[in-house]
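>>> Predicted model and sequence follow; I will ask about them next.
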Number of protein chains: 2
Amino acid sequence: MKSRFSGELILVIYDITDDSLRLRVSNFLKSKGLIRVQKSAFLGRATKSLRTEVEAGLRRLLKNASNVNVQIYPIPPSSFHRRVVIGSNFEEEESGVLVF
Amino acid sequence: MKSRFSGELILVIYDITDDSLRLRVSNFLKSKGLIRVQKSAFLGRATKSLRTEVEAGLRRLLKNASNVNVQIYPIPPSSFHRRVVIGSNFEEEESGVLVF
């Protein structure tokens, strides 16, 4: 079956020690329409402009922060379709569903 | 400057509650030559056969485990070169260095 979506995605993963900063980061990523796929990982469709916004927003939030590491990976559809997931899905009340 | 490496990478991210299982998973990923880039994320060059080995090994380790989620993403060189890292690098004594 052909995917309904052929654009690029981004995967954002983070190590953030401070609880309140980590919460602000996850709220920011949700506000940009990304979906939580693990405790510290968000995934979503992303145009180039959204990617730029996400990067700028994260840099703003993390300015002056120490002990943080955030990585953003562009994920082409061919990578997404070959991704492997082992184990149970992340569950949270407000969890969205990523449909492709 | 042209990259010294043009093959595909894999990114492995995990949510594992059990400390001892999490340690076994990280030791396994290190043993396969992957490099830790965050507390719960490993990255490395991966031929198709290594990717298969990593997936099989993780499925073996995580068989019967609950509350685990592991995701493996193939990362083409074009994605790796566009990745964005914000903050300090992960530091651990035995940390390798990813050179591309």
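Arrived safely. Numbers count the residues shown, from 1 in each chain, chains lettered A, B, ... in the order given.
>>> Show me where chain A has its strands.
Here chain A has its strands, by DSSP state E, at A:9-16, A:35-38, A:41-45, A:68-75, A:84-87.
>>> The third one and chain B in contact?
Read it as strand A:41-45. Yes: using Cβ under 8 Å from any Cβ of the partner chain, strand A:41-45 reaches chain B at A:Ala41. The C-beta positions use only the backbone N, C-alpha and C, and glycine is treated the same way.
>>> still on that earlier bit, so which of the strands of chain A is the most packed in?
strand A:9-16 (a mean of 24; mean count of other Cβ atoms under 10 Å in any protein chain shown).
>>> if we can go back for a sec, for the strands of chain A, which one sits closest to A:Arg22?
Between A:Arg22 and the strands of chain A, the tightest spacing by Cβ to Cβ is seen for strand A:9-16, at 4.1 Å.
>>> Low-confidence stretches in chain A?
Residues of chain A that meet the criterion pLDDT under 70 lie in A:1-6, A:90-100.
>>> ok, the residue nearest to the spatial centre of chain A - contacts?
In chain A, the centroid-proximal residue (Cα atoms, centre = their mean) is A:Phe42; its distance is 2.4 Å. The contact partners of A:Phe42, by Cβ atoms under 8 Å, 6 or more residues apart in numbering or on different chains, come to A:11-12, A:26, A:29-30, A:34-36.
>>> max-length helix in chain A?
Longest helix in chain A by number of residues (criterion: DSSP state H): helix A:48-62.
>>> got a list of contacts for that one?
Here helix A:48-62 makes contact (Cβ under 8 Å, 6+ apart) with A:10, A:12, A:21, A:24-25, A:28-29, A:32-34, A:46, A:68, A:70, A:72, A:74, B:84, B:86-87.
>>> Please identify the buried residues of that helix?
Buried residues in helix A:48-62, counted by 16 or more other Cβ atoms under 10 Å in any protein chain shown: A:50-51, A:54-55, A:58, A:61-62.
>>> Generate TSV for those, with distance to A:Ser78 as supplementary columns.
Putting those into TSV (distance: Cβ to Cβ, whole Å) gives the following:
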residue	distance to A:Ser78
A:Leu50	20
A:Arg51	18
A:Val54	21
A:Glu55	23
A:Leu58	26
A:Leu61	31
A:Leu62	30
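>>> Near A:His81, how many residues? Count them for me, please.
When neighbours are counted by other Cβ atoms under 10 Å in any protein chain shown, A:His81 registers 11.
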